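> heads up, no residue letters with this:
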């Protein structure tokens, strides 16, 4: 959430005021800064991690796992080379998608002012309008993933965000 201090000039008390340099509004950097400002330190580490191919964010009920996942999806979508591509988000079951992921994603997109379209059928998907272009995320449950093993979605490595049991992840990574 923006602060009044973001609009104040910087510098010391005895120095001439120095304008605060903020990323231009409507840019990828500005959106990333807004997202990071809303994250807890552990969520921020999860979202910013680009070294590991498989990540885990573990926490109890209400700890912000789905919120961190939505932020990670957006960061992957804004990565160079991922504009105008398709990604995929999976949960172990459709009830988890309906009761956990969809509300978290909708809340995050509205909170950060991201324009989006949601289509529920035949397969749920989000079409996001981001500063660097449009990105589509198919949303599915793990049973669908088993049927699509061996298929690759367009986009850079790391664009497929999957939340599923470790046994299935091992099969997908091979």
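Yes, it's here. Everything numeric here is computed off the predicted structure, so don't read it as measured data.
> For the rest of this, base every contact and every neighbour count on C-alpha atoms.
Fine.
> Quick check: mean pLDDT of the longest helix belonging to the chain?
With secondary structure taken from DSSP state H, the chain has its longest helix at helix 65-77. Mean pLDDT, computed over helix 65-77, is 90.
> In the chain, where is pLDDT below threshold?
1-25, 142-174 (pLDDT under 70).
> Show me the helices in it, by range?
Remark: helices assigned in the chain by DSSP H are 28-37, 41-48, 65-77, 94-96, 102-111, 142-147, 166-173.
> got the angle for the longest helix of the chain vs helix 28-37?
If you take axes from the mean of the first three to the mean of the last three CA atoms, to 10 degrees, helix 65-77 sits at 160 degrees to helix 28-37.
> Pull the residues that contact helix 65-77.
32, 35, 39, 43-44, 46-48, 57-59, 82-83, 87, 100-101, 104-105, 108, 135, 158-159, 161 (CA atoms under 8 Å, 6 or more residues apart in numbering).
> From those residues, list the buried ones, please.
Buried members of the contacts of helix 65-77, scored by 16 or more other CA atoms under 10 Å, are 32, 35, 39, 43-44, 46-47, 57, 82-83, 87, 101, 104-105, 108, 135, 158-159, 161.
> Which strands border the longest strand seen in the chain, and is each parallel or antiparallel?
Looking across the chain with DSSP state E, the single longest strand is strand 133-141. The sheet places strand 133-141 alongside strand 86-91 (parallel), strand 125-130 (antiparallel), with pairing taken from DSSP bridges.
> Out of these, flag the one nearest residue 116.
Closest of these to residue 116 is strand 125-130, at 4.5 Å (criterion: CA to CA).
> Report the inter-axis angle for that closest one versus helix 102-111.
Going by the same axes, to 10 degrees, strand 125-130 makes 20 degrees with helix 102-111.
> Need the contact partners of strand 125-130.
Applying CA under 8 Å, 6+ apart, the contact partners of strand 125-130 are 28, 78, 114-119, 134-139.
> want to throw those into JSON lines with distance to residue 125?
Formatted as JSON lines, the contacts of strand 125-130 follow (distance: CA to CA, whole Å):
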{"residue": "28", "distance to residue 125": "22"}
{"residue": "78", "distance to residue 125": "17"}
{"residue": "114", "distance to residue 125": "15"}
{"residue": "115", "distance to residue 125": "14"}
{"residue": "116", "distance to residue 125": "10"}
{"residue": "117", "distance to residue 125": "8"}
{"residue": "118", "distance to residue 125": "6"}
{"residue": "119", "distance to residue 125": "5"}
{"residue": "134", "distance to residue 125": "13"}
{"residue": "135", "distance to residue 125": "10"}
{"residue": "136", "distance to residue 125": "7"}
{"residue": "137", "distance to residue 125": "5"}
{"residue": "138", "distance to residue 125": "4"}
{"residue": "139", "distance to residue 125": "5"}
